[in-house]
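Peer 1: all I have is the shape, not the residue letters:
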């Protein structure tokens, strides 16, 4: 819109006097149409239709809610040239593991023990990271995650209850969020 106004203003500056004279000459010789109520009503209906079908300006969709101040955080723990990539990989990996464990709990329940959860985590990490260990590159992250998981889900490799499965899913989602927050 501003571009059109600037172009119109530039045209007026360059040829304003000639355009004004031609408009005055045309207006002096032109017949002015008479406008009755029927035309006014038709124009009002057209304007209303355009307004009704014009895309409305919507407020932008709200972003994800900020983490509570006491939530687990990994800020400042990812260090070095691979820090952002490692955080992004960890966020994706933990998020997917949470979804897998949650899905399994609602369907087949193949994962029945804490050892099975750990085996799934190790296999997923080895396949996604092609054998490389984010924990080896990021020891501060490794230690924080280890402590967080011990506190959140314990260290039992035994049978999984619905409550302990929910705790694992919640803990992995928290890890995913904490790692994703580092990349923002």
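Peer 2: Cool, got the structure. Predicted, not measured: the structure shown is a model, and the values here were computed from it.
Peer 1: could you pull out the helices in this protein for me?
Peer 2: For the chain, the helices defined by DSSP state H occupy 2-29, 37-53, 83-106, 114-128, 134-137, 139-153, 162-182.
Peer 1: so which of those comes closest to residue 75?
Peer 2: For residue 75, the closest of these is helix 162-182, at 5.9 Å, according to Cβ to Cβ. C-beta: built from backbone N, CA, C; applies to glycine.
Peer 1: the nearest residue to residue 142 once chain neighbours are set aside: what's it in contact with?
Peer 2: Nearest residue to residue 142, sequence neighbours excluded (Cβ to Cβ, 6 or more residues apart in numbering): residue 135, at 3.4 Å. If a contact means Cβ atoms under 8 Å, 6 or more residues apart in numbering, then residue 135 has 141, 142, 145 as its contacts.
Peer 1: I'd say residue 167 and residue 149 touch.
Peer 2: No. Residue 167 is beyond contact range of residue 149, at 9.9 Å (criterion: Cβ atoms under 8 Å).
Peer 1: who has more neighbours out of the two?
Peer 2: Using other Cβ atoms under 10 Å, the more surrounded residue of residue 167 and residue 149 is residue 149, with 19 against 16.
Peer 1: how far away is the more buried one from residue 114?
Peer 2: Counting by Cβ to Cβ, to the nearest Å, the gap from residue 149 to residue 114 is 10 Å.
Peer 1: now swap in residue 44 and tell me
Peer 2: Distance from residue 44 to residue 114, counting by Cβ to Cβ: 71 Å.
Peer 1: between those two, which is the more surrounded one?
Peer 2: Between residue 44 and residue 114, counted using other Cβ under 10 Å, residue 114 has the larger neighbour count: 19 against 10.
Peer 1: pLDDT value on that one, please?
Peer 2: Per-residue confidence at residue 114 stands at 84 (pLDDT).
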